[in-house]
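Asker: I'd like to go over a predicted model; first the sequence, then the structure.
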Amino acid sequence: MNLGEVLARLGVRRVFGEPIAGSDDPGIRDANAARLLAEADGAVGSGLGACFDGSVLTLTSRPGAAAERVYASSSSDVVDAVVHAHERGSGAITVELGFDPARDDADVVTAPVVRDPSIAPALPAPELPTSGGPFTFDLVFAGSEVIRAGAVEALRELADRTGLGVLNVFTAKGLFRWDSPYHLGTAGLQLHDFALAGLAPNRPILAVGVGVDECPDPILRDAGLSPDGAWPVTRVATERLTSVGDLVLGDLVRAAHTGPPVLGELYQRLSGVAQPLYRVEDVPLNPARAAADVGESLPEGGVVTLEPSTAGWWIARTLPTTQLGSVRVPAAGRPGLAVAAALLASIEGKPAVAVVEAPIGPENRALIELARSRDTDLVVAVWGNDGDIASPEDHREQLRAALAKPGVTELPVPVSFAAATELLTEAAGPLAAWGA
C-alpha cells in the first residue's frame, strides 16, 4: 500500500498542503493555513492531523507542540515513527520522507482499525488490573479519547450498570446530557475544579481516556495530587469499556456508594453562577447568556468551535450540551484554532459557529479569507464591545439567520465579561487550562 493508504489506517483522514496519493486532499496549499488546519484536526477532529510540504510530513495532535523530527525511508518507517510517538506522547512529529509517497510498500503492517490515533501524552496513572476485583471507585473521570474511540455508549452503559457518576474533562462535553443523573459536571478549566469535584489523594478514581493536557498541573496540585507522584487515579483503556477477556468492565468495578451518584461542590457552585446568568436579558449580553444562545440556535448536527480565550472559557464552561460533539474544545491551542476548527466542520458538511474575541487576530482573519475564497459556509461570532443586538432573542434570531446564509458571516456580539467572570472566578478559581 502507498503512504496515503498507510496514513488512513493510522487514523489520518486527510492531508493539508501538498497532496499525497491515497489521502483525501482538501486543496489547501498555503503552509500556515495547512498547519493550523492540521492542528485543529488533531486537537478537536480526528485526533491526528497532517500537513505536507512536499518533502516533510507533519503529524500533530497537540497545537503548538515542538515537533520531534525523524527520517523515514519507507512507509514502514512512518508507521514505526507514529507507534513511538504514541508511546512517548510526543504531541507532534515531523517526518522527512526519503522515498516516493506513491510507492507501494508490501512490508508495511498497520492495525486495520485505530480507535484513537492521538499522539498527545496520556495520563501517567497505573492501569486497572485485568483480573481480580471487583475494584471499588468513587467516580469515573472521562476524557476526550472516549469520544474519539467511539466508546461513549459503552461508558454510559458502565455508569448505568455500576451507578458510578462520571466527571468529564473540559474537552469531553456531551458524554452525558447536562441533566443526566450520572453527569457530575465538567472539570479541568479552573484552578479549584478538581478539588471541588471531589478528586483527592484518598479517593479512588477510575480514569478513562484522559490525557495530560486535560489535567493541567496547577489544577492537580490544587487538589493535592502531584502530577509526578503517587496516584489515587487508576487508568483504564477505552477498549476495556467493552470487554476484558471474558469479563466486561462492569464486572470488575463497582461504586463505593449506594444509591445515585452524589453531585460534588463544583457542580453546585457552577450552577449557582450560570443558572441566574442564563435568565438575564440585559444587553450587552453576559457570556453565559451568549453561550446559551449559541447552543439554542445551533441546528441538528451543528458545531461550535473555540480557542483559548475568555470567550472560549465561557463557551467550554456554560454552553449546555444536548448533542455529542456539538462543542469542540481543545486541550491545548493557539490563536486561529477556532476558525480552523469551524472550517474543518464546514468541509465535513456541518453547520459551524466559531466564537472568537474582538478584535479578530491575524491567524483567524487569514482563515476567514481562505474560507471566503472557497465559498465555505460558516459563522464567526465576534464577542466584544460592538454589535447591533437588542436582546437574547434577537441574538438567537441573528445567529439562525447567519447559519442559514451561504458564505462566511461575521456576527459582532456585544458581550460584557468583567462582572460575570468575577463571579465565575469566585466560584472555582481563575482559568488554569491552556497554560493560562
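Answerer: Right, received. Where do you want to start?

Asker: pLDDT below threshold where in the chain?
Answerer: Scanning the chain with the threshold set as pLDDT under 70 gives 110-114, 229-230, 243-247.

Asker: leaving out chain neighbours, which residue sits closest to residue 220?
Answerer: Distance criterion CB to CB, 6 or more residues apart in numbering; nearest residue to residue 220, sequence neighbours excluded, is residue 227 at 5.3 Å. For every residue, glycine as well, the C-beta is placed using N, CA and C.

Asker: which parts of stretch 182-199 are buried?
Answerer: 182-199 (16 or more other CB atoms under 10 Å).

Asker: do the same with stretch 60-78
Answerer: For stretch 60-78, by 16+ other CB under 10 Å, it's 60-63, 65, 67-68, 70, 72, 74-78.

Asker: stretch 252-263 now?
Answerer: For stretch 252-263, by 16+ other CB under 10 Å, it's 252-255, 261, 263.

Asker: quick check, nearest of the residues you listed to residue 434?
Answerer: Distance to residue 434, by CB to CB, is smallest for residue 263 among those, at 26.0 Å.

Asker: can you pull the contacts of the closest one?
Answerer: 165, 184-185 (CB atoms under 8 Å, 6 or more residues apart in numbering).

Asker: got TSV for the buried residues of stretch 252-263, with secondary structure and distance to residue 14 too?
Answerer: As requested, the buried residues of stretch 252-263 are exported to TSV (DSSP: H, G, I helix; E, B strand; the rest coil; distance: CB to CB, whole Å):
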residue	secondary structure	distance to residue 14
252	helix	38
253	strand	38
254	strand	43
255	strand	42
261	coil	40
263	coil	41
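
Asker: so residue 378 sits right up against residue 353, yeah?
Answerer: Yes. Proximity of residue 378 to residue 353 meets the contact threshold set by CB atoms under 8 Å, at 7.4 Å.

Asker: list residues touching both of the two?
Answerer: By CB under 8 Å, 6+ apart, residue 378 and residue 353 have these common neighbours: residue 342.

Asker: and the buried residues of stretch 252-263 as a markdown table, adding distance to residue 104?
Answerer: Below are those laid out as a markdown table (distance: CB to CB, whole Å):
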| residue | distance to residue 104 |
| --- | --- |
| 252 | 44 |
| 253 | 46 |
| 254 | 51 |
| 255 | 52 |
| 261 | 53 |
| 263 | 56 |
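
Asker: and those, which two are furthest apart?
Answerer: 252 and 263, at 25.3 Å, using CB to CB across the buried residues of stretch 252-263.

Asker: secondary structure element holding the residue lying closest to residue 12 once chain neighbours are set aside?
Answerer: The shortest distance from residue 12 to any non-neighbouring residue, by CB to CB, 6+ apart, is to residue 50 (4.8 Å). Per DSSP states H and E: residue 50 is located in strand 49-52.

Asker: packing partners for that strand?
Answerer: Packing partners of strand 49-52 (3 or more CB pairs under 8 Å, 6 or more residues apart in numbering; DSSP states H and E): strand 16-17, helix 31-44, strand 56-60.

Asker: go ahead and confirm residue 65 touches residue 91.
Answerer: Yes. Proximity of residue 65 to residue 91 meets the contact threshold set by CB under 8 Å, at 3.5 Å.
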